[in-house]
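# one predicted model, sequence on top.
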Amino acid sequence: MKLSEKRNSNFTPHPETDGPIKAVLVDVTELKKRMTQYGEKDEFRLVFETEVIDEENDRRFCIWSRGYTPSLNEKAALRKDLKKMMGRELTQLELDEFDLEALIGHGVKLIIQHETKDDRTYANISFMSPDKDKALKPSGKYIRVRDRDTEGVGQTEAKAEESGWESVVVHVGKYKGNKLGEVDEAGVAKLIDGWLPKAKADGKADDAALVAALTELADILGSDDY
């Protein structure tokens, strides 16, 4: 999962780790429509609280997984990562019906690595396995996304932890006032192909956030032009 500190100067990505660290699953987010390289998909994320202490905010760091589509197909990213988390393949009974909520509190070990792109720092989970030792317990300080106030600090943090382009508000054209994550695939293509080149050339400060978001999204979608 990518974390961006661009729109929230108080947010610090999870530090890199030299090796595996203890973590515990503390949230399974609700489905949300996202633009992926394969078009618009319903996705959710897993949130892990780790043993690493965020001293500035007096709590443990959390890290969000990549986005998952709700599929247990043998090629699905979710099934592959569940196998890593549990240290085994899913049983047929679990494949017939798997309750992700039952995994809340499940202990794992993670390796976190950083990636720098367009002057932004992202934290990614590069390794995942079950914690077969004394598993880490949730601290109780993390509030699940579904339980957060719409305008609360926790909600701001959640937005910062998600991929940054989705929360940028479009300020031009047909989709003015909508978050980029809410714009359909055709609208995104129109913004990338029609608006982005001129906005980059003009270099206006008011366009900077949307330019950065569309540039990131163009890269996700595999465009060779940006």
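On my side now, so go ahead. Residues are numbered from 1 along each chain as shown.
# per-residue pLDDT, residue 163?
As predicted, residue 163 sits at a pLDDT of 49.
# for residue 6, that is, sorry about that
39.
# what pLDDT is listed against the residue in the chain sticking out farthest from the centre?
No residue in the chain sits farther from the centre than residue 202, which is 30.7 Å out by C-alpha atoms, centre = their mean. Here the pLDDT value assigned to residue 202 is 88.
# residue 10 now?
For residue 10, the predicted pLDDT is 48.
# distance of the closest residue to residue 15 other than its chain neighbours from residue 175?
Among residues not flanking residue 15 along the chain, residue 52 sits closest, at 6.1 Å (C-beta to C-beta, 6 or more residues apart in numbering). The C-beta positions use only the backbone N, C-alpha and C, and glycine is treated the same way. Computed as C-beta to C-beta, to the nearest Å, the residue 52 to residue 175 distance reads 39 Å.
# in this structure, what residue spans correspond to strands?
21-28, 32-36, 39-43, 46-54, 59-64, 107-117, 120-130 (DSSP state E).
# give me the contacts around the first one.
Under the contact criterion C-beta atoms under 8 Å, 6 or more residues apart in numbering, strand 21-28 has outside partners 44-52, 62-63, 85, 100-101, 103-112, 131, 133, 135-138, 142, 144-145.
# buried subset of those?
44-50, 52, 62-63, 85, 104, 106-112, 131, 136, 142, 145 (16 or more other C-beta atoms under 10 Å).
# please name the nearest non-neighbouring residue to residue 114.
Nearest one to residue 114, counting by C-beta to C-beta, 6+ apart, is residue 16 at 4.9 Å.
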